[in-house]
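Peer 1: Need a 3D model of the following:
(2 chains)
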Amino acid sequence: MTTALGLALLCLAAPLAAAALSVVIPPLRQRGTPAAALTVLSSLMATVASLALLRIGPGPGAAARLTVPWMVVQGRALGEVGVRLDGVSMPMLAVVCLVALAVQVYSLEYLRSERPASYGRYFTYHALFLFSMNALVLAPELLQAFAGWELVGLLSYLLIGFHVERPAAGRAAVKAFWMTKLADMGFLIALLLLFVRTGSFGWDVALPQRTAEAIAALLFLAVMGKSAQFPLHVWLPDAMEGPTPVSALLHAATMVAAGVYLVVRVDPLFAQAPLTREGMLWVGTVTAAFTALLALVQTDLKRVLAYSTCSQLGFMVAALGAGSAFAAFFHLGTHAFFKALLFLAAGSVIHAVHSNELSAMGGLGRRMPVTTVTFAVGALSLAGVPPFAGFASKDTVLGALEGRAAWIPWTLLISTAFLTAFYMGRVLVRTFLGRPSEAAAHAHESGLVILGPLVALAIPAAAGGILGGWLARGLGTEFHLHLGLTPVAASLAGLGGLGVAFVVYGRGGEAPLAAKLAALDRYGAIDRTWTWLYRRALLPLSDGLRWVDRYLVDGLMNGLGWGTLKAGAVIRPLQTGRTRDYALAVVVGAILLLLLGGWR
Amino acid sequence: MTLRAFLLVAAFLFSVGIYGLLTRRHAVALLLSIEVMANAANLVFVAFARFGGAPGQPLVLFALAVTVAEVAVGLALVTLLYRRHGDALLDLASEAKG
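Peer 2: Predicted coordinates for the structure are as follows:
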């Protein structure tokens, strides 16, 4: 077990070392390539370690911990930091490392045209991200999870705003930061509540009903922010301002899934909070259905995928709400692979046609065969077509709802599955089939460094479903697909959605349907509401707090100093430094004493 | 001659000394004023020794010796003051004033 724990530490130490070296030795970063090489190397080490852990780590039901007390005061530690290996953290670690490695290799080529200093900065952020994400995944207690959670939030901000010369990127970064930060307040309060009630940050505790509900609800608030659940989802589509590989890694595969991971992680806590779970079921369902509709009307390839990410996260949250941590976790894993694949393939397309707009694409199937095939694998997986990985996991999610007899969410999610297949069919047709646009006519297939990661990710995106049983054993449950209502309905929804899309869009161009559907885009309204809250509530509040700080708190301190100076100036003339004055004071004093003596 | 006359002379001398101390600016004049005050005290001692039988005379001799030492130090200071400023006005010694 010592070896396993050592490997887990390596998963933290390697990316951290790469980031630290790139930060401390500026030439590594400014030349670009050395920092990139360091980062990819460290990720390779972490990936190999994480895969080795799956073999030699603790078996099903077992856990291994290596922790040190942190912030020891009077012999009592505030919490523990370190690593925890079990059936939840090890698969997640492997997924994170694998996708991160694929994305980083892909970025080597994708960002080749950046200035060397930007190139180095990009990879430094990536190394730091992998460290933070692994720290979150391996956290033995919620305290470390919170630290990792905030760090990945920071790196999300930095990477969305990577193109510092673009104002839109800056705005999107700030928006993502403050929206998730707003939700993170819930995490912080939940942590404090947990500590006050139990004296530790462990999640495997029995709590009174109301406390458990409160903590679970507050944690879920943070999850809604991080995993872009309605109505806090508005930051995720804007986050597409970041480079495409960043969207693939942070805003599709790993970071946004951290919210779902957190709930899976602290499942014992949520198991004590049935009310919160009920709320999660509905929030997840509404998010899934609503954002799938929005995905339908986007004209920007990346934004389609972004809304699709919101929608799939909604599936996971609904599964969590239905009490099936395994279903959510399984879908998280397969989604990480096929969504990262879709984003990277989309990036390959965008790289070729120099535009995000669907109208600039079309007919790329002949010109970019590998990209097309891998994208199609990802799309079929996302659409839930059997036997792709997405089918197995989506079916598990729906099965969890069926098992709980939650028929309204079940119906909505089956419809969403249909919509998912439909909008992916639309993207497939409009990007790869039909008549090429002017830009698409001159497109070329990307290089091997870009295609390699695509092919590598296509394998788990297609066949990841077979890992379901193994994953279930790690979580102490069972997994089997059986022929029943849900698999049949889900398969029909997936195939049907794709078929309808091919019929509707097969003639080329946008269907007239879309113009009508565009009215559905209430994104603007929700977004405006948040903007209004930001301008009318948050900024005035900040101004008020700043006034209190500047004039009351600072005023008190400055006033004390000013008063001391002034008082000194008033009594300073008493000390003239002239002997005669002192002599006079002595004489007058002596006379007063004499008079006092005589008075008695 | 009565004790009262001696005490009155002593009080007068002491007052003269204080007046000088408060009004004069020259360091030598100040030293003289202090001497006058010290001798007023000495006069009181010997007057009580003569009329009241108090054993004050040894103390007076002792006080005279101390006064001489004090004058020696005082005059040394006056000399330094004069060398430094070309005059011996005590107010000139203001280097340490903040």
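Peer 1: only C-alpha atoms for contact and neighbour calcs from this point on.
Peer 2: Fine.
Peer 1: So which residues on chain B come close to chain A?
Peer 2: Within reach of chain A by Cα under 8 Å from any Cα of the partner chain, chain B has these residues: B:Ile18, B:Leu21, B:Leu22, B:Thr23, B:Leu90, B:Asp91, B:Ser94, B:Lys97.
Peer 1: how about the fourth one, what does it touch?
Peer 2: Contacts for B:Thr23 were tallied using Cα atoms under 8 Å, 6 or more residues apart in numbering or on different chains; they are A:Arg580.
Peer 1: Please report the distance of it from B:His85.
Peer 2: 21 Å (Cα to Cα, to the nearest Å).
Peer 1: now the third one
Peer 2: Summarising the geometry, the distance separating B:Leu22 from B:His85, computed by Cα to Cα, is 22 Å.
Peer 1: Can you pick out the residue with more neighbours from these two?
Peer 2: Just comparing B:Leu22 and B:His85: by other Cα atoms under 10 Å in any protein chain shown the higher neighbour count belongs to B:Leu22, 18 against 11.
Peer 1: where does the more buried one fall, phi/psi-wise?
Peer 2: Torsion angles at B:Leu22 (phi, psi; degrees, to the nearest 10) stand at phi -80, psi -20.
Peer 1: Settle this for me: it is touching A:Val586, isn't it.
Peer 2: No. Look at B:Leu22 against A:Val586 with Cα atoms under 8 Å: they stay out of range, at 10.6 Å.
Peer 1: Contacts for stretch A:214-228 next, please.
Peer 2: Under the criterion Cα under 8 Å, 6+ apart, residues A:179-187, A:189-191, A:193-194, A:229-230, A:232-236, A:255-260, A:262-263, A:269-270, A:273, A:276, A:280, A:310, A:313 lie in contact with stretch A:214-228.
Peer 1: try 6 Å
Peer 2: A:180, A:183-184, A:186-187, A:190, A:232, A:256-257, A:259, A:270, A:276, A:310 (Cα atoms under 6 Å, 6 or more residues apart in numbering or on different chains).
Peer 1: from the chain's centre, how far out does that stretch sit?
Peer 2: Its chain's average C-alpha position is 13 Å from that of stretch A:214-228, according to Cα atoms, centre = their mean, to the nearest Å.
Peer 1: Just the mean pLDDT for that stretch, thanks.
Peer 2: The average pLDDT for stretch A:214-228 rounds to 91.
Peer 1: pull the CA atoms of that stretch into CSV?
Peer 2: The C-alpha trace of stretch A:214-228 is given here as CSV (Å, rounded to 0.1, in the frame of the first residue of the first chain):
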residue,chain,number,x,y,z
ALA,A,214,-28.7,22.5,5.7
ILE,A,215,-25.1,21.3,4.9
ALA,A,216,-26.2,19.3,1.9
ALA,A,217,-28.3,22.2,0.5
LEU,A,218,-25.4,24.7,1.0
LEU,A,219,-22.9,22.2,-0.7
PHE,A,220,-25.4,21.8,-3.5
LEU,A,221,-25.4,25.6,-4.0
ALA,A,222,-21.7,25.4,-4.7
VAL,A,223,-22.2,22.4,-7.0
MET,A,224,-24.8,24.4,-8.9
GLY,A,225,-22.2,27.1,-9.5
LYS,A,226,-19.3,24.8,-10.4
SER,A,227,-21.4,22.4,-12.5
ALA,A,228,-23.4,25.2,-14.2
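Peer 1: Now residue 41: which helix or strand?
Peer 2: Looking at chain A here, since you left the chain open. For A:Leu41, the host element (DSSP states H and E) is helix A:33-56.
Peer 1: not what I meant, chain B
Peer 2: Here B:Ala41 sits within helix B:27-52, counting by DSSP H and E.
Peer 1: which parts of the helix holding A:Leu41 are buried?
Peer 2: Residues of helix A:33-56 classed as buried by neighbour count (16 or more other Cα atoms under 10 Å in any protein chain shown): A:33-51, A:53-54.
Peer 1: so what's residue 46 scoring on pLDDT?
Peer 2: Picking chain A for this. 93.
Peer 1: look at chain B instead
Peer 2: Reading off the model, B:Val46 has pLDDT 91.
Peer 1: Show the contacting residues for it.
Peer 2: Contacts for B:Val46 (Cα under 6 Å, 6+ apart) come out as B:Gln57.
Peer 1: how close does it sit to chain A?
Peer 2: 23 Å (Cα to the nearest Cα, to the nearest Å).
Peer 1: helix/strand/coil for A:Arg65?
Peer 2: strand (DSSP: H, G, I helix; E, B strand; the rest coil).
Peer 1: Verify the stated contact: it with A:Asp86.
Peer 2: No. Applying Cα atoms under 6 Å, one finds A:Arg65 not in contact with A:Asp86, separated by 8.9 Å.
Peer 1: contacting residues around the helix holding A:Leu41?
Peer 2: A:4, A:7, A:11, A:14-15, A:18, A:22, A:28-29, A:94, A:97-98, A:101, A:120, A:123, A:127.
Peer 1: again with stretch A:102-117
Peer 2: Against stretch A:102-117 from outside (Cα under 6 Å, 6+ apart): A:Gln30, A:Arg31, A:Gly32, A:Pro245, A:Val449, A:Ile450, A:Pro453.
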